[in-house]
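S.K.: Here's my sequence, what's the structure:
(4 chains)
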Protein chains: 4
Amino acid sequence: MMRNSSRRHFLQTASVATAGALLVETAQAADKPETVAGAPAPVPAFAPAHQLKPVPFDPAKLDGLSEKLIRSHWENNYGGSVKALNAVKQKLEQAWADKDTPPFLYDDLKREHLMRTGSVVFHELYFGNLGGSGKADAEMRRLIGAAFGGFDAWEAEFRRIGAGLGGGSGWVVLGYNLHSGQTENYWLADHLHAPAATLPLLVMDMYEHSYQMDYGAAAARYIDAFFRNIRWETVAERFAHAQHATSGRM
Amino acid sequence: MMRNSSRRHFLQTASVATAGALLVETAQAADKPETVAGAPAPVPAFAPAHQLKPVPFDPAKLDGLSEKLIRSHWENNYGGSVKALNAVKQKLEQAWADKDTPPFLYDDLKREHLMRTGSVVFHELYFGNLGGSGKADAEMRRLIGAAFGGFDAWEAEFRRIGAGLGGGSGWVVLGYNLHSGQTENYWLADHLHAPAATLPLLVMDMYEHSYQMDYGAAAARYIDAFFRNIRWETVAERFAHAQHATSGRM
Amino acid sequence: MMRNSSRRHFLQTASVATAGALLVETAQAADKPETVAGAPAPVPAFAPAHQLKPVPFDPAKLDGLSEKLIRSHWENNYGGSVKALNAVKQKLEQAWADKDTPPFLYDDLKREHLMRTGSVVFHELYFGNLGGSGKADAEMRRLIGAAFGGFDAWEAEFRRIGAGLGGGSGWVVLGYNLHSGQTENYWLADHLHAPAATLPLLVMDMYEHSYQMDYGAAAARYIDAFFRNIRWETVAERFAHAQHATSGRM
Amino acid sequence: MMRNSSRRHFLQTASVATAGALLVETAQAADKPETVAGAPAPVPAFAPAHQLKPVPFDPAKLDGLSEKLIRSHWENNYGGSVKALNAVKQKLEQAWADKDTPPFLYDDLKREHLMRTGSVVFHELYFGNLGGSGKADAEMRRLIGAAFGGFDAWEAEFRRIGAGLGGGSGWVVLGYNLHSGQTENYWLADHLHAPAATLPLLVMDMYEHSYQMDYGAAAARYIDAFFRNIRWETVAERFAHAQHATSGRM
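M.R.: Modelled structure (predicted):
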């Protein structure tokens, strides 16, 4: 089912296109890029080229998460990070050109780069796994259940991690670790954190901007609402991607 | 070259084996695992099953990194994290069974879980990309150069990030972001940090235990030595893996 | 004016009482406390004795910060941390008695101890400097202005630091550093952070629970409201305390 | 004994002088500092005026901590932070003048400011409490013992916290919390961390540069050596300062 699915999530499509293009390019590019009339060719690693992706569902139609909350989260928090990431890339290019920038100050920008990258990626994955029925099919339940001694055990741990993050900031991530081959739940306290070498399968935002507007401090009620809106088809596609990625290890 | 390479790094082989097995199992497993005579089936996510992997090169033969340093790093810092990760998994299983554990205390263990996972994964990748000639071939230089406006520009940024981490802790990671499709250098200040959804291609440890014994506070000299010992064949294999993983995004 | 002020803030009074008692006791106590009938004497450092302090102003009367917001902040976020701090102290006492607890797991509890201590102290200082007219008198303006090249310059930096924390977590602290003798503004990203050896003079909470309920993502409007409600008399008392503390250095 | 002690630690003396001067000045200064011929008066909060303080003992005479280690620690790690703090202050002054600096990038510098302040203060306190006999007198044992259920219990917790930090970074701090009135041990993982509103009494550096050169990964042996060299007279003076500071709370 997952492999042949014709319906693809916009986020994945978008990033595949970019990624595919990049790798093809890189295989053909020269070591030192040519410059035309003295102008340096754009450097992908420093290019402020991140674009806001649209909400992949109708924000007025979620169950228990208001349109106002979703729009504010999307525009201000996700949108703010996209702008900040582009601003950081420009600052990095300037700092890079200035040989007098001490490495520890250069690294302050690289820290911001890591943080904003985390925010952009996790927010896109988060919105990407919302907008669904909240019902995992039998295959999903089997796949996840196998790693956790039952699907309900998985869900209980995922929710417990989230509950512990209430009142602060962070993410809960069900991820497939491409290095260790394990499917695990991970606690993240901010955008800098991430499990090493891991493909996220399901992502829940626990920053207070994810729920305060609708639920105040009642984080547990937000977690309930989150579960009612999971788009499990997206999770299944990410699992399929993880399986494919793993098979590539020769 | 990379795709057909018959020589495989032990770390990748090991983790592929595990990963492949897990995904096959998960596809066949039932939602609720059977128990025999009341004993619960082992839960992979909580199993303290991490094993110390051997040094994948002769530690007496590196150029400018002493056998004493490498052995201490391997046994005490990497080895310590493997033991700690297993201990944390056992504690998590106990805390999980104890319904009175408040979520915020459960999350202290999940934080340790994230941190030790990062330490184990990054250390295995670090040792995995040492033991080579330090010479990148033309294809590697082209691939990396394309993302950074030249291979030398990449190397200079990678080194600058490392220099800024001298005297503290952290990692420098050249990674391929499976979500954004970008090849970038990342600054990490501790084992909790990682770039989101990213396959590491080259990893340099900047914790002081990586160099103090040989170089004292002279982190720059350690970075020189690190570059002289990079096993670029491993980096090429990781690039090939990233290309394969990306192609899987349908 | 400040030294002779007869009106004292409840928070300061309370902590003085405790502190004074403790220091007197410590001067008389024996090295090893006696035990009665085998029961160990209570150990102050592990005693779960933190008590919720009442809101030191009428929460219905702030200008632009709703009673609902203040009550939720007080009960859930401050109150939650008081409970958590007491729970952590109990866990520490247990872990302390168990000689098999590995130090790195013991330290996970000490990290929680540091974090909850920060949350409790900063929240009490935050509520302690609210409930006023928002008008600093001439002496305050002189004292702060002298350190920052003008009171308005100070206010602008304090606000800018806050603006940068919008959408995340953290604190802004005007503090008197008892070691360096400097009066500075400090950026804190979470409850673990604090300026070393510093007496906080004015504290602004930038966790999203401080404003989301009233202002959504509009952190700048919250900062405006915060400034309209500062109780400068409290800040003046803290300055006087800092002066006294400094004079004690012989 | 403590109050009348005529022998004073250089670090305290130095900072008292500065601090006293500053507070006197601030009481007299105008709200807006005058400028002469258009030149702005120096702004204390942004002044890059931190100076390297000399080692307050003979670095060749410690028991089990080599002169080479101490000199490297002092020059490279402490000295590096003094330089970095001054550089950050200059950058802050520039960023402050540039109204286009986004607050989140301004805050990256404020984070570095917090971190380097922590590093400078804790290093000065650390070197300040070394160079002694390692023998606490009866009064010290009573004071500390009263808070921890015995001096040995205190020492054991202080050491255990340190052991858990082995192989990473951080500090162990015995501190007097001026807000809560408690004497406690605190775990810190980096220079950004500190207990809120707390006067440090005894500080142990657990960054690997504190011991790797002499002891490799054997952090426990370093902790032994640290204890043999504590200058308890300094700790007693800090306790006296804490008592005085507390008495000032009216």
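S.K.: and after the helix-or-strand element of chain A with minimal mean pLDDT, which helix or strand comes next?
M.R.: When the helices and strands of chain A are compared on mean pLDDT, DSSP states H and E, helix A:10-28 comes out lowest with a mean of 35. As assigned by DSSP states H and E, the chain's next helix or strand after helix A:10-28 is helix A:67-72.
S.K.: touching chain B at all, whichever helix in chain A runs longest?
M.R.: Secondary structure of chain A per DSSP state H: the longest helix is helix A:103-128. Yes: against chain B, helix A:103-128 shows contacts by C-beta under 8 Å from any C-beta of the partner chain at A:103-107, A:110-111, A:113-114, A:117-118, A:120-122, A:124-125. Bear in mind the C-beta positions are built from the backbone N, C-alpha and C, glycine included.
S.K.: Tell me what angle that helix forms with helix D:103-128.
M.R.: Between helix A:103-128 and helix D:103-128, the angle comes out at 130 degrees (axes from the mean of the first three to the mean of the last three C-alpha atoms, to 10 degrees).
S.K.: what pLDDT, on average, does helix A:103-128 get?
M.R.: In this model, helix A:103-128 has an average pLDDT of 98.
S.K.: continuing past that helix, what's the next helix or strand?
M.R.: Going down the chain from helix A:103-128, the next helix or strand is helix A:138-148, by DSSP H and E.
S.K.: can you tell me the average pLDDT over the helix or strand just after that following helix?
M.R.: Counting by DSSP H and E, the next helix or strand C-terminal to helix A:138-148 is helix A:151-164. Average pLDDT, helix A:151-164: 98.
S.K.: before we move on, what about stretch A:242-250?
M.R.: 76.
S.K.: for stretch A:168-177, same thing?
M.R.: Mean per-residue pLDDT for stretch A:168-177: 97.
S.K.: now swap in stretch A:208-220 and tell me
M.R.: 97.
S.K.: Can you tell me the centre-most residue of chain A?
M.R.: Residue closest to the mean C-alpha point of chain A, counted by C-alpha atoms, centre = their mean, is residue A:122 at 2.4 Å.
S.K.: Can you give me every residue that contacts it?
M.R.: A:171, A:173, A:188, A:191, A:200, A:203, A:205, B:196 (C-beta atoms under 8 Å, 6 or more residues apart in numbering or on different chains).
S.K.: could you redo the last one with a cut-off of 7 Å?
M.R.: A:171, A:191, A:203, B:196 (C-beta atoms under 7 Å, 6 or more residues apart in numbering or on different chains).
S.K.: same question, residue A:171
M.R.: Contacts for residue A:171 (C-beta under 7 Å, 6+ apart) come out as A:122, A:188, A:203-206.
S.K.: swap the cut-off to 10 Å and go again
M.R.: Contact analysis of residue A:171 by C-beta atoms under 10 Å, 6 or more residues apart in numbering or on different chains lists A:118-119, A:122-123, A:125-126, A:161-162, A:165, A:186-191, A:193-194, A:200, A:203-207, A:210, B:196.
S.K.: what pairs with it across the strands?
M.R.: Residue A:171 has these beta-bridge partners by DSSP bridges: residue A:188, residue A:205.
S.K.: Give the helix, strand or coil label for residue A:168.
M.R.: The three-state label given to residue A:168 by DSSP: H, G, I helix; E, B strand; the rest coil is coil.
S.K.: Tell me how far the residue nearest to it when sequence neighbours are not counted lies from residue B:236.
M.R.: Among residues not flanking residue A:168 along the chain, residue C:169 sits closest, at 6.1 Å (C-beta to C-beta, 6 or more residues apart in numbering or on different chains). Between residue C:169 and residue B:236 the computed distance is 41 Å (C-beta to C-beta, to the nearest Å).
S.K.: tally of neighbours for residue A:58?
M.R.: By the measure other C-beta atoms under 10 Å in any protein chain shown, the count of residues near residue A:58 is 10.
S.K.: Model confidence for the closest residue to it other than its chain neighbours, exactly?
M.R.: Spatial nearest neighbour of residue A:58, excluding adjacent residues (C-beta to C-beta, 6+ apart): residue A:131 at 7.5 Å. Reported pLDDT at residue A:131 in the predicted model: 98.
S.K.: Is residue A:131 in contact with residue A:226, as I believe?
M.R.: No: counting by C-beta atoms under 10 Å, residue A:131 sits too far from residue A:226 to count as a contact (11.7 Å).
S.K.: Of those two, give the one with the bigger neighbour count.
M.R.: Legend: neighbour count by other C-beta under 10 Å for residue A:131 and residue A:226, higher for residue A:226 (26 against 20).
S.K.: Return the set of buried residues in the strand or helix carrying the more buried one.
M.R.: For residue A:226, the host element (DSSP H and E) is helix A:219-228. Along helix A:219-228, these residues count as buried under the neighbour rule (16 or more other C-beta atoms under 10 Å in any protein chain shown): A:219, A:222-223, A:225-227.
S.K.: Same check on stretch A:226-242?
M.R.: For stretch A:226-242, by 16+ other C-beta under 10 Å, it's A:226-227, A:229-242.
S.K.: and it with chain B, contact?
M.R.: Yes: counting by C-beta under 10 Å from any C-beta of the partner chain, chain B has neighbours in stretch A:226-242: A:237-242.
S.K.: How much space separates the spatially closest residue to residue A:242 that is not a sequence neighbour from chain D?
M.R.: Excluding the flanking residues, the one nearest residue A:242 by C-beta to C-beta, 6+ apart is residue A:176, at 3.9 Å. Separation of residue A:176 from chain D (C-beta to the nearest C-beta, to the nearest Å): 28 Å.
S.K.: In this structure residue A:176 contacts residue A:184, no?
M.R.: Yes: Residue A:176 is within contact range of residue A:184, at 8.4 Å (criterion: C-beta under 10 Å).
S.K.: How about chain A: which residue is closest to chain D?
M.R.: residue A:108 (4.4 Å; C-beta to the nearest C-beta).
S.K.: show me what contacts that residue?
M.R.: By C-beta under 10 Å, 6+ apart, residue A:108 lies in contact with A:91, A:95, A:101-102, B:164, B:187, D:88, D:91, D:105, D:107-109, D:111-112, D:115.
S.K.: can you give me the offset of stretch A:203-215 from its chain's centre?
M.R.: Relative to the centre of its chain, stretch A:203-215 is centred 16 Å away, using C-alpha atoms, centre = their mean, to the nearest Å.
S.K.: I meant to write stretch A:52-70 there.
M.R.: Distance of stretch A:52-70 from its chain centroid, counting by C-alpha atoms, centre = their mean, is 17 Å.
S.K.: So what's the residue count around the closest residue to residue A:221 other than its chain neighbours?
M.R.: In space, and not counting its chain neighbours, residue A:221 is closest to residue A:215: 4.8 Å by C-beta to C-beta, 6+ apart. Counted with other C-beta under 10 Å, the neighbours of residue A:215 add up to 21.
S.K.: Now the phi/psi pair for residue A:215, please.
M.R.: Torsion angles at residue A:215 (phi, psi; degrees, to the nearest 10) stand at phi -120, psi 0.
S.K.: any idea how far it is from residue A:65?
M.R.: Distance of residue A:215 to residue A:65, given as C-beta to C-beta: 9 Å.
S.K.: Likewise for residue A:95?
M.R.: Note on residue A:95: its distance to residue A:65, by C-beta to C-beta, is 39 Å.
S.K.: Give me every residue in chain A lying close to chain C.
M.R.: Counting by C-beta under 10 Å from any C-beta, the residues of chain A that sit close to chain C are A:68-69, A:72-73, A:75-81, A:84, A:115, A:119, A:166-170, A:189-192, A:207-219.
S.K.: now with 8 Å?
M.R.: Of all the residues in chain A, those lying near chain C are A:68, A:72, A:76-77, A:80, A:167-169, A:189-190, A:207-209, A:212-213, A:216-217, going by C-beta under 8 Å from any C-beta.
S.K.: From the residues you listed, keep the buried residues only.
M.R.: Burial by neighbour count, 16+ other C-beta under 10 Å: within those this picks out A:72, A:76-77, A:80, A:167-169, A:189-190, A:207-209, A:212-213, A:216-217.
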